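> Got a sequence here, can you model it:
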Amino acid sequence: MPNKIGACVTDIVSIAQGSGSLEERRGKAEFRIRDLLLDASLQVGNHFKTLQDLRDELGRAVNLHHGSIRAFLDKLVDFVDNRLGRS
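Numbering: from 1, shown residues only. Presented below is the predicted three-dimensional model:
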C-alpha cells in the first residue's frame, strides 16, 4: 500500500495545483482518497491503517508547500482526521 499512498498524495498535490474552483478541487481530492480507501478495503480488508499512513504522508506534503496549496492540503488533513475520528 505505501506506493499507492504515495501516488495518492502526488495526485492530490496535482489536484491542488490544478484548475477549477476550490470546491471542485477539494471534491476531486476527497474522491481520490475514497478511491484509495476502497482499494485498501479490497486488498487488506481494513482501511484504518491506510488512512493513518495517508494522514502522515499528507502532513509531510503540507510541510513542502506554501500558500494556497498548503492551505488546501491542511483542509485535506482535517478531512482525514475527521475520518479517523480525531476531530
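> drop to CA atoms for contacts and neighbour counts, all remaining ones
Will do.
> Distance of residue 56 relative to residue 71?
16 Å (Cα to Cα, to the nearest Å).
> Kindly apply the preceding question to residue 49 instead.
As judged by Cα to Cα, residue 49 and residue 71 stand 24 Å apart.
> for the protein, what spans make up the helices?
2-17, 22-44, 48-64, 67-84 (DSSP state H).
> Could you name the helices and strands sitting against the third one?
In terms of contacts (3 or more Cα pairs under 8 Å, 6 or more residues apart in numbering; DSSP states H and E), helix 48-64 is packed against helix 2-17, helix 22-44, helix 67-84.
> Quick check: mean pLDDT of the first one?
Same thing as helix 2-17. Per-region confidence: helix 2-17 scores 93 on mean pLDDT.
> distance between that helix and the chain's centre?
How far helix 2-17 lies from its chain's middle: 7 Å, per Cα atoms, centre = their mean, to the nearest Å.
> cool, and the last one?
On the basis of Cα atoms, centre = their mean, helix 67-84 is displaced by 8 Å from the centre of the chain it belongs to.
> Give the buried residues for the lowest-mean-pLDDT helix or strand in the chain.
Least confident helix or strand of the chain, by mean pLDDT, DSSP states H and E, is helix 22-44 with a mean of 88. For helix 22-44, burial by neighbour count (16 or more other Cα atoms under 10 Å) applies to 25, 26, 28, 29, 30, 32, 33, 36, 37, 39, 40.
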